[in-house]
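Trainee: this one's sequence-less:
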């Protein structure tokens, strides 16, 4: 039996991956054991082969290690909602996709902000310090800890309402107007 490795795929491991039989025998006479049988999650497991059939001696190395390596997790389709100018770099409606194995439970923590607070079209929205958590997080490594989306900051409409009793006569100096 030789050491073996595979990348996490969410599938249950069974069998003797990495073994080599020198002569043709009935496969039902060879059994596999160790912690590798039924392994799913990333980690290192024992792999052994044995036979209960008299007359068959398993020689040389009958044990090895199976390593299930974490899968690379790619994040894509970063998105954020447009907003009306509010003087901040705060973002709402932020989201992104990932290529996890279907059914795996993952959560993300991250910072997200507009590149600056000024109004504009297709402004960068920066996702930074992305970390992974959740029940299946140990089966993955992030390929990137940041990403970028584009969103608009629309100018904020303003309405000026002059205070009562203000006026100007043509040809006179401009008075100081007040408004709310």
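Mentor: All right, it came through fine. All values derive from a computational prediction rather than experimental measurement. Residues are numbered from 1 along each chain as shown.

Trainee: please report how far the residue of the chain positioned farthest from its centre lies from residue 165.
Mentor: Distance to the chain centre peaks in the chain at residue 171, reaching 67.9 Å (criterion: C-alpha atoms, centre = their mean). For residue 171, the distance to residue 165 equals 20 Å [C-beta to C-beta, to the nearest Å]. To be clear about C-beta, it is placed using only N, CA and C from the backbone, and glycine gets the same treatment.

Trainee: now do residue 66
Mentor: Distance from residue 66 to residue 165, counting by C-beta to C-beta: 87 Å.

Trainee: those two: who's more crowded?
Mentor: Using other C-beta atoms under 10 Å as the criterion, residue 66 and residue 165 rank with residue 66 on top: 23 against 5.

Trainee: that one against residue 36, yeah?
Mentor: Yes - the pair residue 66 / residue 36 is scored as a contact, 4.0 Å apart, by C-beta atoms under 8 Å.

Trainee: helix or strand: which one has the spatially closest residue to residue 174 that is not a sequence neighbour?
Mentor: With sequence-adjacent residues excluded and distances taken as C-beta to C-beta, 6 or more residues apart in numbering, residue 174 is closest to residue 168, at 6.4 Å. Secondary structure assigned from DSSP states H and E places residue 168 in neither a helix nor a strand.

Trainee: burial check on residue 168, number of neighbours?
Mentor: A count of neighbours around residue 168, defined by other C-beta under 10 Å, yields 10.

Trainee: quick check: it vs residue 141, distance?
Mentor: Residue 168 is 69 Å from residue 141, where distance means C-beta to C-beta.

Trainee: check residue 175 too.
Mentor: Relative to residue 141, residue 175 is positioned 68 Å away (C-beta to C-beta).

Trainee: can you list contacts of the biggest strand by length in the chain?
Mentor: Across the chain, the longest stretch assigned as strand under DSSP state E is strand 120-133. With contacts defined as C-beta atoms under 8 Å, 6 or more residues apart in numbering, strand 120-133 is touched by 73, 75, 78, 80, 91, 94, 96, 106-116, 140, 142, 144-153.
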